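A.B. asks: From the sequence below, what's the structure:
(one chain, ligands or ions: 1)
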Amino acid sequence: MDALFPTYARWDLTVESAEGAIIVDNKGKKYLDFVSGIAVCNLGHRHPAVIDAVEEQLKKYWHVSNLFKSDIQQEVAGKLVENSELDAVFFCNSGAEANEAALKLARKYTQKSKVITFLQSFHGRTFGTMAATGQDKIHSGFGPLLQEFVYLPYNDCEALEEAMDDSVAAVMVEVVQGEGGVVPGTETFLKKIQELCEKSGALFIIDEVQTGIGRTGRAFAHQHFNLSPDIITLAKGLGSGLPVGAMLGKEKLKEAFGPGSHGSTFGGNPISLAAAKATLSIICQDEFLAEVEKKGAYLKDELSKALTDQDLVTEIRGSGLMLGIACKAEVTAYVTKLRENGLLVLQAGPNVIRLLPPLTVSYEQIDEAVKMIKNNSIVEYSA
Ligand SMILES: *Cc1c(COP(=O)(O)O)cnc(C)c1O
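C.D. replies: The predicted model follows:
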């Protein structure tokens, strides 16, 4: 009997326990986890600092509602603001909710409705964020969609120049398209968005739900390029596996989100925020982030060396510990084979193998993963 909606194509794997970068299934088999709960468990599973913070908060109280003042919300917001160029934080429970808040705020602040996003983007599954997502397969069967979204090709400055005018409320973009194939945005393109937003009065929104919280070797991926977005959105890695999302915005936007304009019963839940506080205090350290960048470069290098003789591999791309191996053929069977052999990886689209190890992964574990990827022929297992 299966009492769940079949919304997920689940693997044949039931987890019994997890620690660091290792998952153990209900038959006692061990896996090296290069998925991290889809870029969520950035400190690995069951990081002691997160366990301590959550246990401490559990002893105090769990939930009271946003009718009360909250020290823990102030603390985590303070940490986010301190580590970014933004000034104010709204807490919610997921990436889609963070983007939903950003879209609502953009419309309210600018009093305009048109939003530009990009083909192959992913911004979430709610009506607003589904409409923002530039993939037909995500929209299919759910129409009519929320209106006034325009999808442009990613990394195409000319298309953007043509589309931008003063009717645009916002441009929403990922620094590296995650679900869309681990495709990095170019510095020129991202700077062009910022320039054109400034010129036309549109808000520049960066969706850092996947790229944020140290994943690319900076606290937030846009910091590689010295950009100054009006809004960024966070979720996945923020709570190390406890559900929490956040929208960060510039000071000028505060007035448009006054009392009664937006809200969430669970948003800013103290348990999730205790996890976020512990997570941020580890990840937002220069030495930690430098190490992520080093490990990312090492993994990319080792993969390049290991895969030189694999004709099907076209490119190894990405940023920090968010990497994709782009292939000429479908990689589903190959990814399944790796899983059977004890390495968990993801797919991004049909042809890209996506690697998202915990940021705390060791060099030995990286070597082990590369060896497994090398020892399984992609040609043999691709369609
Ligand atoms: C995962 C993801 C989302 C959606 O987050 P949920 O928590 O699943 O709602 C939005 N944007 C990006 C870039 C993502 O990777």
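A.B. asks: who's in contact with the residue of the chain found nearest the ligand?
C.D. replies: Here the residue of the chain nearest the ligand is residue 95; by C-beta to the nearest ligand atom that distance is 2.2 Å. C-betas here are computed from N, CA, C, even on glycine. By C-beta atoms under 8 Å, 6 or more residues apart in numbering, the contact set of residue 95 is 123-124, 129, 207, 209-210, 233-236, 245.
A.B. asks: Which ones among those residues map onto strands?
C.D. replies: Mapping the contacts of residue 95 onto strands (DSSP state E) picks out 207, 233-234, 245.
A.B. asks: looking at the residues you listed, which has the most residues close by?
C.D. replies: The most crowded member of these, judged by other C-beta atoms under 10 Å, is residue 233 (32 neighbours).
A.B. asks: Specify the beta-bridge partners of that one.
C.D. replies: Beta bridges link residue 233 to residue 207, residue 247, judged by DSSP bridges.
A.B. asks: Just confirm it contacts residue 246, I think it does.
C.D. replies: Yes: contact criterion C-beta atoms under 8 Å: residue 233 and residue 246 qualify, at 7.2 Å.
A.B. asks: list the contacts for residue 196?
C.D. replies: 160-161, 164, 171, 202.
A.B. asks: ditto for residue 289
C.D. replies: Residue 289 neighbours (C-beta under 8 Å, 6+ apart): 214, 217-219, 283.
A.B. asks: Confirm it sits in a helix?
C.D. replies: Yes: counting by DSSP: H, G, I helix; E, B strand; the rest coil, residue 289 is found in a helix.
A.B. asks: quick one: which two of the contacts of residue 196 are the most distant?
C.D. replies: 161 and 202 (13.2 Å; C-beta to C-beta).
A.B. asks: okay, those two: which has more neighbours?
C.D. replies: Per other C-beta under 10 Å, whichever of residue 161 and residue 202 has more neighbours is residue 202, with 25 against 11.
A.B. asks: so what's the closest residue in space to that one that isn't next to it in sequence bridging to?
C.D. replies: In this structure, residue 202 finds its nearest non-sequential neighbour in residue 168, 4.2 Å apart by C-beta to C-beta, 6 or more residues apart in numbering. Beta bridges link residue 168 to residue 114 when assigned by DSSP bridges.
A.B. asks: Go ahead and confirm residue 168 touches residue 113.
C.D. replies: No: using C-beta under 8 Å, residue 168 is not in contact with residue 113; the gap is 9.3 Å.
A.B. asks: for the ligand, what are the nearby residues on the stretch 151-300 of the chain?
C.D. replies: The stretch 151-300 of the chain comes close to the ligand at residues 174, 178-179, 207, 209-210, 235-236, as judged by C-beta under 6 Å from any ligand atom.
A.B. asks: ranges for the helices of this protein?
C.D. replies: Along the chain, the stretches classed as helices by DSSP state H are 36-39, 48-60, 71-82, 95-110, 127-132, 136-139, 157-163, 187-200, 270-283, 286-306, 332-340, 363-375, 378-381.
A.B. asks: Compile those helices into CSV and extend it with columns for distance to residue 262.
C.D. replies: Formatted as CSV, those follow (distance: least, C-beta to C-beta, whole Å):
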stretch, distance to residue 262
helix 36-39, 26
helix 48-60, 25
helix 71-82, 15
helix 95-110, 6
helix 127-132, 12
helix 136-139, 24
helix 157-163, 28
helix 187-200, 22
helix 270-283, 18
helix 286-306, 31
helix 332-340, 39
helix 363-375, 42
helix 378-381, 46
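A.B. asks: Now render those as TSV, adding mean pLDDT.
C.D. replies: Below are the helices of the chain laid out as TSV (pLDDT from 0 to 100):
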stretch	mean pLDDT
helix 36-39	98
helix 48-60	98
helix 71-82	98
helix 95-110	98
helix 127-132	98
helix 136-139	97
helix 157-163	98
helix 187-200	98
helix 270-283	98
helix 286-306	98
helix 332-340	95
helix 363-375	96
helix 378-381	72
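A.B. asks: tell me the contacts of the residue nearest the centre of the chain?
C.D. replies: The centroid of the chain falls nearest to residue 210 when counting by C-alpha atoms, centre = their mean (0.7 Å). Applying C-beta under 8 Å, 6+ apart to residue 210 gives the contacts 38-39, 95, 174, 176, 178-179, 236, 322.
A.B. asks: of those, buried ones?
C.D. replies: 39, 95, 174, 176, 178-179, 236, 322 (16 or more other C-beta atoms under 10 Å).
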